[in-house]
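# need a structure here:
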Amino acid sequence: MNLKNILITLSIVAVVIVCVAFYVVFYSGGGTYVVSSLTGPNADIFGAGTENTSTLGASSTASSTAFASSSALDDTGASSSASSTASSSLTTTPGNTTVVSWTQGNEALLITGALISGDQLTLGVQVAMGSVSECVPLNLRLIADEQGDLSPPITSQFTFPDTGTCNGTAGETYSAQPIVFTLSDPSAFPIVLTTGGTANILFEVVQDPDGRLSAQLPPSSD
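Here you go, the predicted model:
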């Protein structure tokens, strides 16, 4: 056998070996390539990267759950801790055993809570409309001094969310409409107000030892 034939034979053998190796690597075992272990200088980095990816996945799931809970809270008017506190103060009256409510024309009104921020008092007022769509007058007044002088609120009128005006929709109930007054001395309690209008009911905003505010009728003199 001359040199030429030997070279041809070796070339054929080499091609066969390459083909077999190619088949073993890429086609044996159903086409699955498995790394049995991580070695070399980048093994630790890859391992850490894999662990971080897993952790981020868990964090993402937790964040999504928390966001869903937050969204659910937002639907009830408490999307953040600050708004939750304010909303709670305006929609509840801790310790209030006497409901401050009155009728005004076709509407029924109710004091749902109070909040003081700086020198401003905000009352939450629920307005239940009657069978007629009409403008609900804002007759609430602060008793400003011992002489009985009346002070109007900074809020000029009720502004209902569906109309953007004082005109309420027939049969609708509007919760915790904010009415803001300026106080000359925010630390002086009780704060005395009147519903005004034909009802003209006096009521007080008082503070309990824990600093919580509530609206109530004045205590009986007997």
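
# List the contacts of Ala128.
Glu107, Ala108, Leu109, Leu110, Glu172, Thr173, Tyr174 (Cβ atoms under 8 Å, 6 or more residues apart in numbering). No exception for glycine: its C-beta is placed from N, CA and C like everyone else's.

# can you rerun that using 10 Å?
By Cβ atoms under 10 Å, 6 or more residues apart in numbering, the residues touching Ala128 are 101, 103, 106-110, 168, 171-175.

# now swap in Asp149 and tell me
Here Asp149 is in contact with Arg141, Leu142, Ile143 (criterion: Cβ under 10 Å, 6+ apart).

# so how far is Gly124 from it?
Distance, Asp149 to Gly124, by Cβ to Cβ, to the nearest Å: 25 Å.

# export the contacts of Ala128 to a markdown table and tack on secondary structure?
Output for the contacts of Ala128, formatted as a markdown table (DSSP: H, G, I helix; E, B strand; the rest coil):
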| residue | secondary structure |
| --- | --- |
| Ser101 | strand |
| Thr103 | strand |
| Asn106 | coil |
| Glu107 | strand |
| Ala108 | strand |
| Leu109 | strand |
| Leu110 | strand |
| Gly168 | strand |
| Gly171 | coil |
| Glu172 | coil |
| Thr173 | strand |
| Tyr174 | strand |
| Ser175 | strand |
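
# Just the buried ones among these, please.
Ser101, Glu107, Leu109, Leu110, Gly168, Tyr174 (16 or more other Cβ atoms under 10 Å).

# I'd like to know which of those residues is nearest to Gln216.
For those, the residue nearest Gln216 by Cβ to Cβ is Ser101; the value is 11.7 Å.

# Just want to check the distance between that closest one and Thr182.
25 Å.

# what's near enough to touch Tyr174?
Tyr174 touches 107, 109, 125-129, 136, 158-162, 168, counting by Cβ under 10 Å, 6+ apart.

# before we move on, back to that, format the buried ones among the contacts of Ala128 as a markdown table; extra columns: pLDDT and distance to Gln207.
Below are the buried ones among the contacts of Ala128 laid out as a markdown table (pLDDT from 0 to 100; distance: Cβ to Cβ, whole Å):
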| residue | pLDDT | distance to Gln207 |
| --- | --- | --- |
| Ser101 | 97 | 21 |
| Glu107 | 98 | 29 |
| Leu109 | 98 | 23 |
| Leu110 | 97 | 20 |
| Gly168 | 98 | 31 |
| Tyr174 | 98 | 26 |
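
# The residues you listed: which two are farthest apart?
For these, and using Cβ to Cβ, no pair is farther apart than Ser101 and Gly168, which are 16.6 Å apart.

# which secondary element of this protein has the worst mean pLDDT?
Lowest by mean pLDDT, DSSP states H and E among the helices and strands of the chain is helix 43-75, with a mean of 31.
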